[in-house]
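[1] model this:
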Amino acid sequence: MKNIQFPVNFRFKISTFANDFTATDAKGNVLAYVRQKMFKLKEEIIIYNDDSKSEINYKIRADRWLDFSAAYAFFDADETYFGKIARKGWRSIWKAKYELIDENEKMQYHITEENAWVKVMDSLLGEIPILNMFTGYLFNPTYIVQDLSDNIIVRLKKKPSFFGREFELIKVGQMDSDDDDRIMLGLMMMILLERRRG
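    So this is what the prediction gives:
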């Protein structure tokens, strides 16, 4: 996923039981087709070159069975490890927080939710019959990726929708060309983890 033309859109398929979504660039070109394997105790995500699923570009694997604080490792087509995303456990209950870690196990970026109140209101309204159908349209979380100096690199926002799940990724700051795959895969995994919201 080099030389990405922003904004990038992530669009979930609503016609399948699997958690599948397509990533397209500003020109509508497919960058990746992401498929989460269902009914596995240790999560595994396959990233294909497009929706024909003819070629696997990346894999993401959980480091343990179902766990709130699991880390998810990134592998290229040759099974070479090049980093991971880790959820910050209980700190993510109030406001989603993740860390992107490189292949040398050094943290490079934080992913955080910009407004924790969106999560609170989404949860509260989601418990009310009939009104819970509107949460996807009313409460749309936004996530930011920041470097270690707290500079914002990209912003990911959920778009309002009743049934589908669509996110827009906008580039804000400078992204190291060696890190673009790690950031993209990290956000793809985070979306799957946060997919039940909004």
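[2] CA atoms for contacts and neighbours, from now on please.
    Fine.
[3] the residue nearest to Asp76 when sequence neighbours are not counted and Tyr33, how far apart?
    Excluding the flanking residues, the one nearest Asp76 by CA to CA, 6 or more residues apart in numbering is Tyr58, at 4.5 Å. Note on Tyr58: its distance to Tyr33, by CA to CA, to the nearest Å, is 10 Å.
[4] please enumerate the shared neighbours of these two.
    The contact sets of Tyr58 and Tyr33 overlap at 47-48 (CA atoms under 8 Å, 6 or more residues apart in numbering).
[5] so Met184 is in which element?
    With elements taken from DSSP states H and E, the one containing Met184 is helix 180-194.
[6] tell me, how many residues neighbour Ile56?
    17 (other CA atoms under 10 Å).
[7] the nearest residue to it once chain neighbours are set aside: what's it in contact with?
    Leaving aside its chain neighbours, Ile56 sits nearest to Tyr48 (4.4 Å; criterion: CA to CA, 6+ apart). Applying CA under 8 Å, 6+ apart to Tyr48 gives the contacts 32-34, 54-58.
[8] filter those residues to the buried ones?
    Neighbour-count burial (16 or more other CA atoms under 10 Å) applied to these gives 32-34, 56-58.
[9] closest one of those to Tyr143?
    Lowest distance from Tyr143 to those (CA to CA) belongs to Val34, with 19.4 Å.
[10] does the closest one really touch Lys13, like I thought?
    No - here Val34 does not reach Lys13: they are 10.3 Å apart, not a contact under CA atoms under 8 Å.
[11] now do the helices in the protein.
    All helices of the chain, identified by DSSP state H, fall at 116-125, 135-138, 180-194.
[12] that'll do, ta.
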